[in-house]
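# Predicted coordinates and the sequence they were generated for:
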Number of protein chains: 2
Amino acid sequence: MSTQTFRRRAGRPPQIDADEIVTAAVALIDAEGLEALTMRRLGTELGVTAMSLYRHLPNRDAVLAAVVSRLVREVAVEVADGMPWPQALHRFAESYRRMLLAHPHAVPLLATHPVDEVDGLALVAPVLERFRGAGVPDEDALTAVQSVGVYVLGHALAQVGTPPGASRDPGPAEVAYYDQWFTVGLDAFVLGLHHRLTP
Amino acid sequence: MSTQTFRRRAGRPPQIDADEIVTAAVALIDAEGLEALTMRRLGTELGVTAMSLYRHLPNRDAVLAAVVSRLVREVAVEVADGMPWPQALHRFAESYRRMLLAHPHAVPLLATHPVDEVDGLALVAPVLERFRGAGVPDEDALTAVQSVGVYVLGHALAQVGTPPGASRDPGPAEVAYYDQWFTVGLDAFVLGLHHRLTP
DNA sequence: ACCTGAACACCGTTCAAGT
DNA sequence: ACCTGAACACCGTTCAAGT
């Protein structure tokens, strides 16, 4: 029979893999929030019992860490070749924020779980390159990027962490308020870094 | 008997009150982290069953909100009368950070639970006053203070959210690294705000 | 008025067992 | 190799009952 040629080494074929688990976890968080992400519920979502998840990921915290990694890799920073670093820093901040606001229920998770160093560096690599082009030492450049990064995350936390009321969606006035605040703060921050790093 | 004169209206005298619960909650978080704060454990710490806590606070989330309020009120911003606002802003950032680093296990809680508006305004009132002294509109001043606030919180999250390893304490090199980063970022941010607000 | 014991409906995780 | 059922040791919270 045809399955002989391409058959797996032994046993049952898997019904799920780690990637599918992470995809389902992100979807569940986006739809119902972090507290809805239980192992039992996640299993149900995949048509499987909770216990089978442990065959693919060691525990719930590993699921959360994998979600963080997936979301960080979702950030696409568009940096043109000759772009001055202050502009590249702006782009980074805006791309990062776009991801965070696209997954408001995951923001507390991003705030709590440190980003994997490899993921983080890959994300900011094109930005660091623009600092290098201006002769700024890598160490200073990294401090600048990380500083803007914590500003963006802190701002997103403030925006999504509205009073206890559930996930009622924002309303244009609220969105405009946070957009304005974000821009004013970011402009000032990048301006100040510019003054300190390229005098 | 003497108890007649000052006796309570009826029933048993309370063994605990809300303030004691919050104090015990903070102590427990500081000592063993957020996940150690269960209603049962908190009761035990106070020599009482978990169920009796519900007589004083409606649920676990109310305990957490009360902890946030308590910690925010612990921040003391020392702002002298004639102090220029950039310096007052520095003081605010340092005081806020001092509180956060004194309660590292509570930082994710502060990041997640929005600060009560009254608590927040009381905290920054002396700082806003310094902006007023320089003729900066309240709206701009509040944006500046909030921007620095989210930077401080974001930075503290990065500092306390070290790789999965438990609460191994920091080591002087790590402390120095974060202190340096914090200062460089803060200086640049305040400088940039200064350029934008008082040209 | 305040505290408790028992109970309910959940969790994450382990482990032996099925296919 | 992968999935499952039953079980363990927990949770937060409710409610009737004690003092």
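Thanks, I have it. Numbers count the residues shown, from 1 in each chain, chains lettered A, B, ... in the order given.
# who in chain A is up against DNA strand C?
Proximity of chain A to DNA strand C, by CB under 7 Å from any atom of the strand, involves residues A:11-12, A:37-41, A:50-51, A:54, A:59-61. All C-beta spots, glycine's among them, are computed from the backbone N, C-alpha and C.
# Between which two of those residues is the distance greatest?
A:Gly11 and A:Leu37 (28.9 Å; CB to CB).
# Between those two, tell me which one has more neighbours.
For A:Gly11 and A:Leu37, the more surrounded residue by other CB atoms under 10 Å in any protein chain shown is A:Leu37, and the numbers stand at 22 against 6.
# Quick check: phi and psi at the more buried one.
Listed backbone geometry of A:Leu37 is phi -80, psi 80, with angles given as degrees, to the nearest 10.
# That one against A:Ala25, yeah?
Yes - with contact defined as CB atoms under 8 Å, A:Leu37 counts as touching A:Ala25 (6.0 Å).
# Pull up the overlap in contacts between those two.
Residues touching both A:Leu37 and A:Ala25 by CB atoms under 8 Å, 6 or more residues apart in numbering or on different chains: A:63-64.
# ChimeraX command to pick out the buried ones of the residues of chain A next to DNA strand C?
Here is the ChimeraX command that selects only those of the residues of chain A next to DNA strand C that count as buried (16 or more other CB atoms under 10 Å in any protein chain shown):
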select /A:37,39,60
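# and which of the residues of chain A next to DNA strand C is nearest to B:Arg98?
Closest to B:Arg98, out of all of those and judged by CB to CB, is A:Asp61, at 29.9 Å.
# Helices of chain A, start to end?
A:2-6, A:18-32, A:39-45, A:50-53, A:60-74, A:85-102, A:107-112, A:117-133, A:138-160, A:172-197 (DSSP state H).
# tell me which parts of chain A are close to DNA strand D?
Residues of chain A lying near DNA strand D (CB under 7 Å from any atom of the strand): A:8-16, A:43, A:48-49, A:51-52, A:55-56.
# Show me the two of these that sit farthest apart.
A:Arg9 and A:Gly43 (25.4 Å).
# of these two, who's got more company?
The residue with more neighbours, out of A:Arg9 and A:Gly43, is A:Gly43; 19 against 4, by other CB under 10 Å.
# contacting residues for the nearest residue to A:Arg40 once chain neighbours are set aside?
Excluding the flanking residues, the one nearest A:Arg40 by CB to CB, 6 or more residues apart in numbering or on different chains is A:Ala50, at 4.2 Å. When contacts are counted by CB under 8 Å, 6+ apart, A:Ala50 touches A:38-40, A:42-43.
# switch to 6 Å and redo it
Contact analysis of A:Ala50 by CB atoms under 6 Å, 6 or more residues apart in numbering or on different chains lists A:39-40, A:43.
# and which of the residues you listed is nearest A:Ala66?
Scanning the contacts of A:Ala50 for proximity to A:Ala66, where the rule is CB to CB, the winner is A:Met39, at 13.4 Å.
# any idea how far chain B is from the residue nearest to the closest one when sequence neighbours are not counted?
Excluding the flanking residues, the one nearest A:Met39 by CB to CB, 6+ apart is A:Ala50, at 4.1 Å. Look at A:Ala50 and chain B: by CB to the nearest CB, to the nearest Å, they are 20 Å apart.
# got a pLDDT number for A:Ala50?
We have a pLDDT of 98 for A:Ala50.
# same thing with the one 5 residues further on?
With respect to pLDDT, A:Arg55 has a value of 97.
# Not including adjacent chain positions, what is the nearest residue to it?
A:Pro14 is the one closest to A:Arg55 (CB to CB, 6+ apart), at 8.0 Å.
# Neighbours of that neighbour, how many?
12.
# Then the one 4 residues further on?
A:Ala18 sits with 15 neighbouring residues when counted by other CB under 10 Å.
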